[in-house]
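# Sequence first, predicted coordinates after that:
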Amino acid sequence: ADTTVYRASTTAPVNIAVVKYWGKRDPKLNLPTNSSLSVTLSQADLRTLTTASCSATYPASEGDSLLLNGEPSDVSGARTQACFRELRARRAALEAADPSLPKLSTFPLRLVSENNFPTAAGLASSAAGFAALVRAVANLYELPASPSELSKIARQGSGSACRSLFGGYVAWRMGSAADGSDSMADQVAEAAHWPEMRALILVASAAKKGVSSTSGMQQTVATSGLFQERITRVVPENMERMEKAIAERDFAAFAEVTMRDSNSFHATCADTYPPIFYMNDVSRAAIRAVEAINAAAGRTIAAYTFDAGPNAVIYYLEKDTEAVVGTFYHVIGGEVEGWKRSVISGLKPTMSL
Ligand code: PMV
């Protein structure tokens with residue numbers, strides 16, 4: 001009998017969208033109502049490390065399992081199950097074509113995952129988590145799948161996870177097929193294309209977000225009138241402008257689209273009934289600080305963006321570190337109550353592959 005323990009490890013980075021994914025046209029397959037675009041952050045600062053193993057010696061009665069930061073984590077959810085199912089089906093196809101391969105697809109899976117950032121920081125960790133899970137199992141199964149192919153599987157775990165299969169500047173093309181076969185990520189530019197890009201994360205609150213992205217999206221699609229305008233006109237325009245800004249390394253354009261898109265996303269949330277507020281007073285203070293920084297510089301050197309929570313991500317260029325990070329400490333430092341508990345870190349986006 002085969003007593004081998006088969007094993008593979010990988011890491012996946014966090015990504016922060018500058019054109020936001022918000023809305024599902026198919027909640028089961030995680031198919032979005034619009035395309036989105038993100039910047040992949042440095043793995044030195046934020047990443048998930050996942051080891052996948054499987055063996056005929058693992059008791060079948062224990063089933064698949066996941067240890068996340070040392071704690072057993074539930075894998076019975078539909079999203080995680082969809083990822084396992086897709087990966088196993090691809091492995092089973094390889095095994096059917098080559099009977100000499102060990103039947104890994106029939107063995108229980110064990111996953112061990114660690115984040116190198118505090119989960120309590122309130123940062124979206126599901127993107128890195130699902131991207132690492134999918135790539136670790138794909139490596140274990142020796143699947144001949146491209147990052148875009150893997151992104152279609154990771155997408156079913158968490159939409160934004162599909163963008164964490166690439167480094168640099170990454171687009172998630174919404175696609176149009178009902179089965180999701182054309183809804184995947186691709187790389188718009190490598191991190192090395194614009195190596196001066198930096199991201200600063202301001203943690204306004206480490207508390208878990210009040211309204212999950214899944215239910216927030218559902219409520220927005222169902223009740224916001226503004227949302228139609230966003231997905232039909234605003235986002236397609238922002239995608240085009242953002243890709244151009246990145247291609248031309250035009251920071252002012254990059255920043256304007258980033259801030260406008262964040263504002264538009266949060267406006268649709270405020271337009272739901274009842275309204276959803278992800279930003280708080282501390283978030284709004286960060287917006288005013290960015291405006292003050294840009295006004296003082298006489299040009300746009302900083303851009304804010306907010307996901308489904310109050311924490312700010314500030315994009316800026318290396319040469320403006322002093323003006324942006326320095327001023328942030330000064331402006332925010334003693335004056336705004338909420339920031340006294342803040343964590344501030346400088347992050348440099350890098351390639352993940
Ligand atoms: O991947 P999800 O289902 O957690 O949704 C993420 C949604 C935003 O972070 C708000 C936007 C984005 O594009 O990442």
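That came in fine, so what should we check first? All figures in this text were calculated on a predicted structure; none of them were measured in a lab.
# use CA for all of it now, contacts and neighbours both
Will do.
# from the chain's centre, how far out does stretch 304-313 sit?
13 Å (Cα atoms, centre = their mean, to the nearest Å).
# what does that stretch contact?
Applying Cα atoms under 8 Å, 6 or more residues apart in numbering, the external contacts of stretch 304-313 come out as 16-18, 122-123, 199-205, 209-213, 255, 258-259, 262, 278-280, 282-283, 286-287, 290, 314-315.
# Of the residues you listed, keep whichever come out buried.
The neighbour-count criterion (16 or more other Cα atoms under 10 Å) marks 16-18, 122-123, 199-205, 213, 255, 258-259, 262, 278-279, 282-283, 286-287, 290, 314-315 among the contacts of stretch 304-313 as buried.
# ok, how many other residues are close to Leu31?
Counted with other Cα atoms under 10 Å, the burial measure for Leu31 works out to 27 neighbours.
# tell me the phi and psi of it?
When quoted as degrees, to the nearest 10, the phi and psi of Leu31 stand at phi -90, psi 130.
# I'd say it and Ser181 touch.
No: with contact defined as Cα atoms under 8 Å, Leu31 and Ser181 do not form a contacting pair (9.9 Å).
# quick one: buried residues of stretch 63-76?
Residues of stretch 63-76 classed as buried by neighbour count (16+ other Cα under 10 Å): 64-69, 75.
# try stretch 316-327
Residues of stretch 316-327 classed as buried by neighbour count (16+ other Cα under 10 Å): 316-317, 321, 323-325, 327.
# Widest-spaced pair of these?
Spatially, the most separated pair among the buried residues of stretch 316-327 is Leu317 and Thr327, at 14.2 Å (Cα to Cα).
# Get me the contact residues on the protein for the ligand.
For the chain, the residues in contact with the ligand (Cα under 6 Å from any ligand atom) are 16-17, 20-22, 36, 158-161, 213-214, 307-308.
# Throw these into a markdown table and include pLDDT and secondary structure, thanks.
Putting the residues of the chain next to the ligand into a markdown table (pLDDT from 0 to 100; DSSP: H, G, I helix; E, B strand; the rest coil) gives the following:
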| residue | pLDDT | secondary structure |
| --- | --- | --- |
| Ile16 | 93 | strand |
| Ala17 | 97 | strand |
| Lys20 | 98 | coil |
| Tyr21 | 98 | coil |
| Trp22 | 98 | coil |
| Ser36 | 98 | strand |
| Ser158 | 96 | coil |
| Gly159 | 97 | helix |
| Ser160 | 97 | helix |
| Ala161 | 97 | helix |
| Ser213 | 93 | helix |
| Thr214 | 94 | helix |
| Asp307 | 94 | coil |
| Ala308 | 93 | coil |
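# Val39 is in what secondary structure piece?
In this assignment (DSSP states H and E), Val39 forms part of strand 36-40.
# Distance from that strand to the middle of the chain?
Mean C-alpha position of strand 36-40 versus that of the full chain (Cα atoms, centre = their mean) differs by 8 Å.
# So what touches it?
The list of residues contacting strand 36-40 from outside it, by Cα under 8 Å, 6+ apart, reads 13-21, 163-164, 166-174, 235, 239, 349-352.
# Below-threshold pLDDT in this protein: ranges please.
The chain contains residues with pLDDT under 70 at 118-124, 205-209, 330-353.
# Please tell me how far Glu53 sits from Val137.
I think there's a mix-up here, since residue 53 is Ser and not Glu. According to Cα to Cα, to the nearest Å, Ser53 stands 8 Å off from Val137.
# and for those two, which residues touch both?
Ala8.
# Many thanks, I have nothing further to ask.
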